[in-house]
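Novice: Sequence first, then the predicted structure:
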Amino acid sequence: MVAVASVALTVVVVNWLLAHRWVLVVIGGLAVSAGGGLLHRKRQRARWDAVRRQGLRYALPHLDALHHSRFEEAVRDLMHRDGCREAIRVGGSGDLGADVKATDPYGRRWVIQCKHRSGGLAGSAVGTPDLQVLNGTARQVHGADVAVIVTNGRVTARAVAFAGQQRLHVVDRHTLAVWASGSRPLWELLRAVPPPRRKPGPLS
């Protein structure tokens, strides 16, 4: 009885679909679209992997030896390596807390303040006042979706706590080492980054 009912139901469904061919067209279109989306994401991931393997890399001793302006340029270049085509360095007098600006492949606007320490961990720690400057200008003045402070040195515990309260991101020496090694883009290393504004476009 169950087998007969199943066959009868199948015949009814097939006949209905044959009489309403537009449904098959819609289903086929959805399947093609879904398959195309999966294929696009797979190809996108492959392109990103290729960029990371062949891309720019810095070792911490190299970054420690840079002048602070060159450090800002290095941060800009790392963002560009990760697919931020519009990454620019704007550091200097009157930069209002923004040393590097970039738009990532997902449409998010990044504003980065760089704090270079020639002594690395032996240099002065980045403190809450540094984060307060970034907090006061990144979103209101520069329109940031993601506000970040990057240092090759230390960050005080109070500064880290303040950053968490104000939705700021801290890239300390350890995170910088991982990022600069070229293994992953910065947005994969930070917690609670805002969601994408758009789907990433093809990499050139």
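Specialist: Received, thanks.

Novice: Moving C-terminal from the helix or strand containing V23, which element do we reach first?
Specialist: Assessed by DSSP states H and E, V23 sits inside helix 21-54. Scanning forward in sequence from helix 21-54 by DSSP H and E, the next helix or strand is helix 60-65.

Novice: quick one: contacts of that following helix?
Specialist: For helix 60-65, the external contacting residues (Cβ atoms under 8 Å, 6 or more residues apart in numbering) are F71, A74, H116, R117, S118, G119, G120, N152, R173, L176, A177, A180. Yep, even glycine has a C-beta here, placed from its N, CA and C like the rest.

Novice: Swap in 10 Å and give it another go.
Specialist: 59, 70-71, 74-75, 116-123, 152-153, 173-174, 176-177, 180-181 (Cβ atoms under 10 Å, 6 or more residues apart in numbering).

Novice: I'd like to know which elements the helix or strand just after that helix is packed against.
Specialist: Once helix 60-65 ends, the next helix or strand along the chain (criterion: DSSP H and E) is helix 68-81. Where contact means 3 or more Cβ pairs under 10 Å, 6 or more residues apart in numbering; DSSP states H and E, helix 68-81 is packed against helix 21-54, helix 60-65, strand 88-89, strand 100-103, strand 109-115, strand 146-151, helix 173-180.

Novice: Just the CA atoms of helix 68-81, as PDB, please.
Specialist: Extracted as PDB, the C-alpha positions of helix 68-81 are listed here (Å, rounded to 0.1, in the frame of the first residue of the first chain):
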ATOM      1  CA  HIS A  68      57.600  55.700  12.800                       C
ATOM      2  CA  SER A  69      56.600  57.100   9.300                       C
ATOM      3  CA  ARG A  70      57.900  53.900   7.700                       C
ATOM      4  CA  PHE A  71      56.000  51.900  10.200                       C
ATOM      5  CA  GLU A  72      52.800  53.600   9.100                       C
ATOM      6  CA  GLU A  73      53.700  52.800   5.500                       C
ATOM      7  CA  ALA A  74      54.300  49.200   6.400                       C
ATOM      8  CA  VAL A  75      50.800  49.000   8.100                       C
ATOM      9  CA  ARG A  76      49.300  50.600   5.000                       C
ATOM     10  CA  ASP A  77      51.100  48.000   2.800                       C
ATOM     11  CA  LEU A  78      49.900  45.100   4.900                       C
ATOM     12  CA  MET A  79      46.300  46.300   4.500                       C
ATOM     13  CA  HIS A  80      46.800  46.600   0.800                       C
ATOM     14  CA  ARG A  81      48.300  43.100   0.700                       C
END
